[in-house]
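Q: missing the sequence, but the structure's below:
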């Protein structure tokens, strides 16, 4: 007994995808429920005759085969004509046929493949035409040329890349391959053999999926070249001519596995795909690839800093991450997309880890000059998460926090640096504006904010610049809230009495002040990596004699901001609208920019008119009120271009302003040179 083709097709589907419900079978085959039930009955007759157990049905899981049947035992050769494809499968088949075939294709050709009526095929082609328009390709028909797809060759190549990926990951991949490439089996085998030899020579092993994908991509490339649809030259690819992979591609395309004459651009295209495919092994030395090695170091260090973790055996981690990172780097740099089937699960199961990894990848974004797609970021999350699990570290049991500042930029970044070091056991997710905090998608337990706001999480209202006593008080509050106890304060008076018994104290008041300050200083200062990178300017590079002003008085706080900002307008580093946005923010949110008594740091977002990083300082002889209880004599305008380039200078300014004595002496300064002495002093003091 021989199986009819429809029954054989159903058997193959159940072999590849067990536990399918009736609706899933209908969707995959395009058959009706009655047709499926009839064909399943015929398949069971054949199974019984061959001595196999019958197809079974479970109400919960659907239809399944109780045992595996060798493919060669299914005594039928499936033909293109009789398999009823789903709409999605038909779109893939039609697209690949039109894009790759040299034959003039008519409706008849599609009918012969699908076994469908002329009207159904015409409806399919109209649907496909509308879908292709979204990719700026046009489906056309003429009696002379048949059905063709018109548009830029690079766009066609992109569509082919996506179709190959989708087909190979489809549950009906073998049937679609039979329809599109059934006559190319020998060529497919030859190309795969060449790629396996390349693996051996290069010391790499592609994942099974990527090896198969490369095989079909190279086949499609050969077919497109044969049609005369070659890619335009791309000068960005030219450096790859020197790559070992390019030389191997050159040798490969000269063999009888390929039917077309490949030009340099096509060889470079193939080389780029060879470099960008995921692999399970790569013995090429990481140290020789300086760009990628440096990026790996920076991304890892940034992740450690943001997540407050230490990755053990870092060099071994680099070696493992490099296997993924190298092809990902080429994909991202040259715009080759790759789908990650785990992305949705990563986002759902590890939202905080994924968020931290994405923030760390900002360094990679700067290198490639573009954003990292979610699918690529999810791969990195899996690597970092796997290494953390390996060393027994987890982020799941930490309290999660956000930091809120009305404008979400500028001094708020200094605050989150300080808080991360003050509370290393808390996972600080982001610095947000008040508006963004209300729409924040991740869950959090704590909010540290410079203004009062409504939130369901535990709220701590903090000054933008934390002095030693502020840190001590905040630490007491947080520990009490989280753990239910407080740290006992040092009794300085009692300590002085003990000291005086055994030593002569010459300046009691100064010693008492120093001991009190020291008792608060339980946390280390910001580490070198955080802020002292060479590319970030120091304070005196921004505040200098040209940007410092001393004035007797101003009429109100608005005039104070305008006067303070004028040197930056004159220098061309900010626009007038930047000053307007600062005033508008203060009118909306109140005097939150008064960061410590007597000092205000007005600032706004970069997109509101910042041309380049800059700062200016206005010292007033008479204070101006930013609010009834907020007199200010030092107005320091900050114009930041991004979230981090200003941080080194701003941290130095923070250290300067954290000493009340410094503020008092600056307020009493009579000329610019006296103010510059403080700026110069703190520009030289690197954070340790």
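A: Cool, the structure landed. Predicted, not measured: the structure shown is a model, and the values here were computed from it. Numbers count the residues shown, from 1 in each chain.
Q: only C-alpha atoms for contact and neighbour calcs from this point on.
A: Will do.
Q: measure stretch 457-470 end to end?
A: End-to-end distance for stretch 457-470, by Cα to Cα, to the nearest Å: 21 Å.
Q: Next secondary structure after the helix or strand of the chain at the bottom of the mean pLDDT ranking?
A: Of the helices and strands making up the chain, the lowest-confidence element is helix 528-531, at a mean of 40, by mean pLDDT, DSSP states H and E. Beyond helix 528-531 on the C-terminal side, the first helix or strand identified by DSSP states H and E is strand 548-551.
Q: residues in contact with that following strand?
A: Contact partners of strand 548-551, identified using Cα atoms under 8 Å, 6 or more residues apart in numbering, comprise 564, 616, 617, 618, 619, 620, 621, 670, 671, 672.
Q: List the ones among those residues that fall in strands.
A: Within the contacts of strand 548-551, membership in strands is found for 616, 617, 618, 619, 620, 621, as judged by DSSP state E.
Q: how close does the third one get to residue 452?
A: In this view, residue 618 and residue 452 are 28 Å apart by Cα to Cα.
Q: between those two, which one's more packed in?
A: It is residue 618, of residue 618 and residue 452, that has more neighbours when counted by other Cα atoms under 10 Å, with 23 against 13.
Q: Show the model's pLDDT score for that one.
A: The predicted local distance difference test score for residue 618 is 96.
Q: just checking, it touches residue 624?
A: No. Using Cα atoms under 8 Å, residue 618 is not in contact with residue 624, being 11.7 Å away.
Q: Between the two, which contacts overlap?
A: With Cα under 8 Å, 6+ apart as the test, residue 618 and residue 624 both reach residue 633.
Q: Can you name the two of the ones in strands among the contacts of strand 548-551 that sit furthest apart?
A: 616 and 621 (16.8 Å; Cα to Cα).
Q: what ranges do the helices span in the stretch 451-600 of the chain?
A: 468-483, 492-502, 508-520, 528-531, 557-571, 576-589 (DSSP state H, counting those that start in this stretch).
Q: count of residues packed around the closest residue to residue 340 other than its chain neighbours?
A: Distances taken as Cα to Cα, 6 or more residues apart in numbering place residue 375 nearest to residue 340, at 5.0 Å, with adjacent residues excluded. Other residues near residue 375 number 17, with proximity taken as other Cα under 10 Å.
Q: Residue 375 is in what secondary structure piece?
A: Residue 375 is part of helix 374-390, with elements assigned from DSSP H and E.
Q: ditto for residue 63
A: Applying DSSP H and E, one finds residue 63 within strand 62-64.
Q: And residue 210, by the same measure?
A: For residue 210, the element it lies in under DSSP H and E is helix 208-226.
Q: Contacts for that helix next, please.
A: Residues outside helix 208-226 that contact it (Cα under 8 Å, 6+ apart): 99-101, 160-161, 164-165, 168, 187-188, 191-192, 195, 230, 258-262, 266, 270, 273-274, 277-279.
Q: Using ChimeraX, define a selection of the buried residues within these.
A: Applied in ChimeraX, the following selects the buried portion of the contacts of helix 208-226 according to 16 or more other Cα atoms under 10 Å:
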select :99,100,160,161,164,165,168,187,188,191,192,195,230,258,260,262,266,270,273,274,277,278,279
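Q: Cross the contacts of helix 208-226 against strands and list the overlap.
A: Filtering the contacts of helix 208-226 for strands - DSSP E - leaves residue 279.
Q: before we move on, back to that, ok, the residue nearest to residue 340 to residue 338 distance?
A: Residue 375 sits 7 Å away from residue 338, going by Cα to Cα.
Q: cool, and residue 258?
A: Using Cα to Cα, residue 258 is found at 26 Å from residue 338.
Q: for residue 482, same thing?
A: Counting by Cα to Cα, the gap between residue 482 and residue 338 amounts to 43 Å.
Q: Look at those two and report which has more neighbours.
A: Set side by side, residue 482 and residue 338 show more neighbours around residue 338, with 18 against 11, by other Cα under 10 Å.
Q: what does the helix or strand containing residue 124 contact?
A: Residue 124 is part of helix 118-133 when elements are defined by DSSP H and E. Surrounding helix 118-133, the residues in contact under the criterion Cα under 8 Å, 6+ apart are 87, 90, 91, 94, 95, 107, 108, 110, 111, 138, 139.
Q: Show me which parts of that helix are buried, residue by residue.
A: Burial within helix 118-133, assessed by neighbour count using 16+ other Cα under 10 Å, is assigned to 121, 124, 125, 128, 129, 132.
Q: rewinding a little: just among the ones in strands among the contacts of strand 548-551, which is most surrounded?
A: Among the ones in strands among the contacts of strand 548-551, residue 619 has more neighbours than the rest - 28 neighbours, counting by other Cα under 10 Å.
Q: Isn't it up against residue 632?
A: No. In this structure, residue 619 sits apart from residue 632 without contact. The criterion is Cα under 8 Å, and the distance is 9.2 Å.
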